[in-house]
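Asks: Pasting a predicted model and its sequence here:
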Amino acid sequence: MPEEIPQQPKIPSPSLSTRRVGDQIPKTPQDQKAEEEARKIAEEAKRAYEEGLASLRDIIAPASFGVKSNYLQMGEYYIRTLFVVTYPRYLFTNWLSPIITLDVRMDTGMFIYPIESRGALEKLKARSAQLQSTYSTILEKGAVREPELETAISDIEGLRETLQRGENRLFNLSLYFTVYAKSLEELDTLSRQLESTLGGTLTYTRQAFMQTEQGFNSTLPLGNDELGVMRNMDTGALSTTFPFTSVELTQSDGIFYGFNRHNNSLIIFDRFTLENANMVVFAKAGAGKSYAVKLEILRSLMLGTDVIVIDPENEYERLAQAVGGAFLNISLGSPQRLNPFDLPTLAEEEGEDIVKSSVTNLHGLIGLMVGALTPEEDALLDRALLETYALRDITSDPATWKNPVPTMSDLYNVLTNLRGAESVTRRLQKYTEGTFAGLFNQPTNVSLDNRFVVFSIRDLEDQLRPIAMYMILNYVWNTIRAELKKRIMVIDEAWWLMQYEDSAKFLFSLAKRSRKYFLGLTTITQDVEDFLGSKFGKAVVTNSSLQILLKQSPAAADLVADTFNLTEGEKFLLLESDVGEGLFFAGVNHVAIKIVASYTEDRIITTKPEELLEIAAAAKEAELI
């Protein structure tokens, strides 16, 4: 009998009491159904909650969107898209720049599709054969030759050769422009302006008629070409459509202003090569405007340019000491004096009556001193000024112009003897016998023989600053007219002069006439609103071919952008710039600039308190050693 196989013992199935920790408990159908229902309830509750929240789409979506045959209306804006249909035979580099720099709200869409060279060669070969056959037929019939057909054949053959040698490639280009306006009339005007500007380069456009929504979508940053209007272009022609060429302001002569932030090239420029050598510098406090001007002064002195500075805060004293310049402190306690009655020397060669010119300037100065004058007082003052010069035998005769000039005390004595001038006399008395006596009524004892002269007015009271600045400018102007030399005059905190009409008018006259005397006027201000709020301030900017705009405060950014016709990107650049960074305008060109100085230059011109203390401590330590 076969051997009996022993039976294996049965292993009991695990029960709930014998399951190990971590074993998964199988779910019953009832449990799975309950979980599914709970999940659906949770998703519905989440969806209902999210519907009550504001999403990104809700934030950026317009209030309304209307589609018309040749324009869109999105909220308060009217929108129209134009596409390019015809290009000229030759395209010059950066030909799109006039469009990109238009001061209009516009989006540009550019789509580039590479074309396989093998397929393009076959199509070009077929097209060339077709054109040559047509040309041969015309010649056989004895018809007049067609230069347009000959040009087309020549272009195709030239393109085939460059494609065959791998020197060129073909692309399809789609180019769209979407303009925005606040009214339909403005939209039509902008459309005509865009068409006219492009038409000047023989580039013709059409409006996206009955495809306005597709045109708008094609210029959104989505990468969707919904119009599909293409034109073949080779590599050379396509490269000219990129408006990313940056301006370089590098000359063979001039001084180094800083680095071009667009391409890291050097900005080396001679301001005297422009229509006029005037410059304005606008920046907020601490943005580096005085630092930049002091760098220009230091580098201009090395090239033989004389510099005169009106310094309201003694910021240029260390620079004057470093280069051996003259630092003149104009204050009540200072021994240095200027006589506002001084006459310019050698001015008779200009063929003008310098006495009448000086009387006009003195009118403005005394207007600052005594305040507003009535018409009667103004006439009496004019008479008194002429009599004051006549006391020293100075008349319209050029032979008398070298006689000793009068002082403010002489004018006071003349006014005292004139009936009706009592009010002017009382107001003028404090400048001859009162609190401010001595500053304006003594002979001049300073000169501008040094190549670098600084007039400091820091220690003057606030009410005397505009008067002193006016008087110094008049004295400097008389000296400049006497000898023709290459000079730069710097007026720091020029907004002081813009507060009064007489001084603002004098500054404008200086900016307008400085070119004739080889002078470059530099005006610096941090109170842009006060400076540009005056009609003469705007005129000074207009007559300044060089402008430096550094970091601006948000409160002044819009005013600066409107004055200098800045784009939104340039305005934000000024808001986000670091110290010593901004925009450099030279005539019609402007670039982003970063002003840098060498270590030695920085030690001379810095005004940071911590650095000045460090320099003073190092100097004291060196003396002890």
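Replies: Perfect, I can see it now. It should be emphasised that the depicted structure is a prediction, and the values quoted were computed from it without experimental measurement.
Asks: C-alpha from now on. contacts and neighbour counts both.
Replies: Fine.
Asks: Identify the structural domains in the protein and state their residue ranges.
Replies: 66-239, 246-326+450-463+475-625, 339-443 (automatic domain parsing).
Asks: In TSV, list those domains along with mean neighbour count, distance to residue 59 and mean pLDDT.
Replies: Written out in TSV, the entries for the domains of the chain read as follows (neighbours: other Cα atoms under 10 Å; distance: least, Cα to Cα, whole Å; pLDDT from 0 to 100):
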stretch	mean neighbour count	distance to residue 59	mean pLDDT
domain 66-239	16	13	84
domain 246-326+450-463+475-625	18	22	86
domain 339-443	17	55	84
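Asks: right, so of the ones you listed, which gets closest to residue 48?
Replies: Residue 48 lies closest to domain 66-239 among the domains of the chain, at 28.7 Å (Cα to Cα).
Asks: Start and end of that closest one, how far apart?
Replies: 37 Å (Cα to Cα, to the nearest Å).
Asks: How far does that domain sit from its chain's centre?
Replies: Chain-centre distance of domain 66-239: 33 Å, with Cα atoms, centre = their mean, to the nearest Å.
Asks: can you redo the domains of the chain as TSV with distance to residue 28?
Replies: Below are those laid out as TSV (distance: least, Cα to Cα, whole Å):
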stretch	distance to residue 28
domain 66-239	50
domain 246-326+450-463+475-625	64
domain 339-443	99
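Asks: Out of these, the one nearest residue 32 is which?
Replies: Residue 32 lies closest, by Cα to Cα, to one member of the domains of the chain: domain 66-239, at 44.0 Å.
Asks: In terms of helices and strands, where is residue 172?
Replies: Using DSSP states H and E, residue 172 falls within strand 170-181.
Asks: what's the following helix or strand after that strand?
Replies: In N-to-C order, the element after strand 170-181 by DSSP H and E is helix 184-199.
Asks: which other helices and strands contact that next one?
Replies: If you count contacts as 3 or more Cα pairs under 8 Å, 6 or more residues apart in numbering; DSSP states H and E, helix 184-199 packs onto strand 77-86, helix 97-100, strand 170-181, strand 204-207.
Asks: can you list contacts of it?
Replies: Helix 184-199 is contacted from outside by 78, 79, 80, 98, 99, 104, 179, 180, 181, 204, 205, using Cα atoms under 8 Å, 6 or more residues apart in numbering.
Asks: Give me the angle between it and strand 77-86.
Replies: 20 degrees (axes from the mean of the first three to the mean of the last three Cα atoms, to 10 degrees).
Asks: Closest one of the contacts of helix 184-199 to residue 142?
Replies: For these, the nearest to residue 142 is residue 204 (34.6 Å; Cα to Cα).
Asks: Do I have it right that the closest one meets residue 82?
Replies: No: contact between residue 204 and residue 82 fails when scored by Cα atoms under 8 Å: they sit 9.8 Å apart.
Asks: Now do the phi/psi pair for residue 306.
Replies: phi -80, psi 150 (degrees, to the nearest 10).
Asks: right, and residue 585 touches residue 593 too?
Replies: No: at 9.6 Å, residue 585 does not count as touching residue 593 under the criterion of Cα under 8 Å.
Asks: Show me the strands in the stretch 451-600 of the chain, by range?
Replies: 452-456, 487-491, 519-525, 546-550, 581-586, 589-594 (DSSP state E, counting those that start in this stretch).
Asks: nearest to residue 329, of those?
Replies: strand 452-456 (4.7 Å).
Asks: between the closest one and strand 487-491, how many degrees?
Replies: Using the same axes, to 10 degrees, the inter-axis angle of strand 452-456 relative to strand 487-491 is 20 degrees.
Asks: Describe which strands strand 452-456 pairs with in its sheet and in which direction.
Replies: According to DSSP bridges, strand 452-456 forms sheet pairs with strand 306-311 (parallel), strand 326-329 (parallel).
Asks: what comes into contact with the longest one?
Replies: It stands for strand 306-311. Here strand 306-311 has contacts from 297, 300-301, 451-458, 469, 472, 485-492, using Cα under 8 Å, 6+ apart.
Asks: so what's the residue nearest to residue 269 when sequence neighbours are not counted up against?
Replies: Leaving out its chain neighbours, the residue that sits closest to residue 269 by Cα to Cα, 6 or more residues apart in numbering is residue 254, at 4.5 Å. If a contact means Cα under 8 Å, 6+ apart, then residue 254 has 268, 269, 270, 271 as its contacts.
Asks: In terms of secondary structure, what does the helix or strand hosting the first one contact?
Replies: So the one you mean is residue 268. Assigned by DSSP H and E, residue 268 belongs to strand 266-269. When contacts are defined as 3+ Cα pairs under 8 Å, 6+ apart, strand 266-269 sits against strand 255-260.
Asks: what angle sits between the strand it packs on and strand 589-594?
Replies: Going by the same axes, to 10 degrees, strand 255-260 makes 80 degrees with strand 589-594.
Asks: which residues touch the closest residue to residue 401 other than its chain neighbours?
Replies: Leaving aside its chain neighbours, residue 401 sits nearest to residue 394 (5.8 Å; criterion: Cα to Cα, 6+ apart). Contacts for residue 394 were tallied using Cα under 8 Å, 6+ apart; they are 355, 400, 401, 403, 405.
Asks: so how far is residue 404 from the closest residue to the second one other than its chain neighbours?
Replies: It stands for residue 400. What sits nearest to residue 400 in space, not counting adjacent residues and going by Cα to Cα, 6+ apart, is residue 394, at 5.0 Å. Separation of residue 394 from residue 404 (Cα to Cα): 9 Å.
Asks: Residue 508 touches residue 540, doesn't it?
Replies: Yes: counting by Cα under 8 Å, residue 508 does reach residue 540; the two are 5.5 Å apart.
Asks: Can you report how many residues neighbour residue 60?
Replies: 8 (other Cα atoms under 10 Å).
Asks: how much space between it and residue 116?
Replies: As judged by Cα to Cα, residue 60 and residue 116 stand 40 Å apart.
Asks: same check, this time on residue 437
Replies: With distances taken as Cα to Cα, residue 437 is found 89 Å from residue 116.
Asks: Ok, residue 538 next?
Replies: Distance, residue 538 to residue 116, by Cα to Cα: 57 Å.
Asks: Quick one: list the elements packing against the helix or strand hosting residue 159.
Replies: Assessed by DSSP H and E, residue 159 sits inside helix 147-164. In terms of contacts (3+ Cα pairs under 8 Å, 6+ apart), helix 147-164 is packed against helix 117-140.
Asks: hey, C-alpha coordinates of the helix it packs on in PDB?
Replies: Output in PDB follows, covering the C-alpha atoms of helix 117-140 (Å, rounded to 0.1, in the frame of the first residue of the first chain):
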ATOM      1  CA  SER A 117      16.600  76.000 -45.800                       C
ATOM      2  CA  ARG A 118      16.100  73.000 -48.100                       C
ATOM      3  CA  GLY A 119      12.400  73.700 -48.600                       C
ATOM      4  CA  ALA A 120      13.100  77.400 -49.100                       C
ATOM      5  CA  LEU A 121      15.700  76.600 -51.800                       C
ATOM      6  CA  GLU A 122      13.300  74.500 -53.800                       C
ATOM      7  CA  LYS A 123      10.600  77.300 -53.600                       C
ATOM      8  CA  LEU A 124      13.100  80.000 -54.500                       C
ATOM      9  CA  LYS A 125      14.400  77.900 -57.500                       C
ATOM     10  CA  ALA A 126      10.800  77.400 -58.800                       C
ATOM     11  CA  ARG A 127      10.100  81.100 -58.300                       C
ATOM     12  CA  SER A 128      13.300  82.100 -60.100                       C
ATOM     13  CA  ALA A 129      12.400  79.900 -63.000                       C
ATOM     14  CA  GLN A 130       9.000  81.400 -63.200                       C
ATOM     15  CA  LEU A 131      10.200  85.000 -63.200                       C
ATOM     16  CA  GLN A 132      13.000  84.300 -65.700                       C
ATOM     17  CA  SER A 133      10.400  82.600 -68.000                       C
ATOM     18  CA  THR A 134       8.200  85.700 -67.800                       C
ATOM     19  CA  TYR A 135      11.200  88.000 -68.400                       C
ATOM     20  CA  SER A 136      12.200  86.000 -71.500                       C
ATOM     21  CA  THR A 137       8.700  86.200 -72.900                       C
ATOM     22  CA  ILE A 138       8.700  89.900 -72.500                       C
ATOM     23  CA  LEU A 139      12.000  90.200 -74.300                       C
ATOM     24  CA  GLU A 140      10.800  88.000 -77.200                       C
END
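Asks: If anything else comes up later, I'll come back, but that's it for now.
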